[in-house]
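# Show me the folded form of this:
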Amino acid sequence: MAKFPEELLQRLRQAERIAILTGAGISAESGIPTFRDAQTGFWSRMKPEDLATPEAFERNPKLVWDWYAYRRDLVAQASPNAGHYALAKMAKHVPHLTLITQNVDSLHQRAGSPNVLELHGNIDRVKCSKEHVVIEQSAWLPDDEVGVPRCPRCQALLRPDIVWFGEVLPTKTFNHAKAACIQADVVFSIGTSGLVPPAATLPVTAIEHGAYGIEVNTDQTYLSDTFECCLRGASGIILPALVKAVWPE
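The predicted structure follows:
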């Protein structure tokens with residue numbers, strides 16, 4: 001079994017409230033390319049940043065729709081890894097655990113984590129580009145001219161329920177996440193660079209309010225010096241070992 005600092009183990013055993021922020025790194029271990037990883041085939045000619053904006057959708061909705069369909073297929077082929085399952089198991093031992101993710105792939109939910117807060121939306125959901133109401137696939141109205149389905153309520157084009165560059169995070173979700181961090185005894189930052197605000201501010205907020213900070217990442221990050229404990233390596237290896245060390249069965 002891996003060796004962990006005794007203070008870390010004690011903090012986790014005593015914690016009543018844990019907040020966890022996860023990023024692209026944990027999904028990458030399931031084979032899902034991070035957002036800025038090199039694309040393949042046709043998409044290798046595109047910059048993801050040029051496809052994930054309201055302006056890009058306005059210019060060429062079919063191109064953006066097709067790119068997200070491509071990414072949706074990648075997600076559909078992936079499965080939760082040991083890190084996802086370890087966090088779901090942790091939730092069974094902690095009275096109040098809040099899992100906040102920047103990922104849009106539902107892998108945490110598929111692993112069994114309850115009440116996941118999705119800061120950046122979900123790639124499996126589609127919403128009206130005008131009214132921003134989520135529309136179930138059975139209700140989509142296809143459009144032959146543009147090649148993008150339309151909203152059955154107002155005929156506007158449908159778009160992925162994803163937070164694009166230049167858009168704000170869902171207020172209710174972010175406020176819930178921030179409140180959980182303010183109240184947390186322990187906060188994790190897992191597989192995230194700490195470079196993208198406002199999500200990156202959440203672990204810092206928790207630490208500023210007295211939480212014990214733990215970073216799990218393969219590399220040092222912009223915020224590593226903020227955490228009391230930095231665990232270097234794949235989350236799919238570290239997290240199962242940590243959960244077993246704290247809550248042996």
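
# who touches the helix ranked longest in the chain?
Selection of the longest helix in the chain by residue count, based on DSSP state H, yields helix 61-76. With C-beta atoms under 8 Å, 6 or more residues apart in numbering as the test, helix 61-76 has contacts from 31-33, 43, 46, 51-52, 56-57, 104-106, 123-124, 146-148, 157, 159-160, 162. Placement of C-beta: from N, CA and C, glycine included.

# buried set for that helix?
Within helix 61-76, the residues that count as buried by 16 or more other C-beta atoms under 10 Å are 61, 64, 65, 66, 67, 68, 71, 72, 75.

# One more: stretch 101-118?
Buried, per 16+ other C-beta under 10 Å, within stretch 101-118: 101-109, 111, 113, 116-118.

# Stretch 143-152 too?
148, 149, 150, 151.

# can you give me the end-to-end distance of it?
11 Å (C-alpha to C-alpha, to the nearest Å).

# Now tell me what touches that stretch from outside.
61-62, 65, 126, 128-131, 133, 135, 139-142, 156-158.

# Just the mean pLDDT for that stretch, thanks.
Averaged across stretch 143-152, pLDDT comes to 89.

# now, which of the buried residues of helix 61-76 sits nearest residue 216?
The closest of the buried residues of helix 61-76 to residue 216 turns out to be residue 75 (C-beta to C-beta; 21.9 Å).

# So the closest one versus residue 215, what's the distance?
Distance of residue 75 to residue 215, computed by C-beta to C-beta, to the nearest Å: 25 Å.

# Cool, thanks, signing off.
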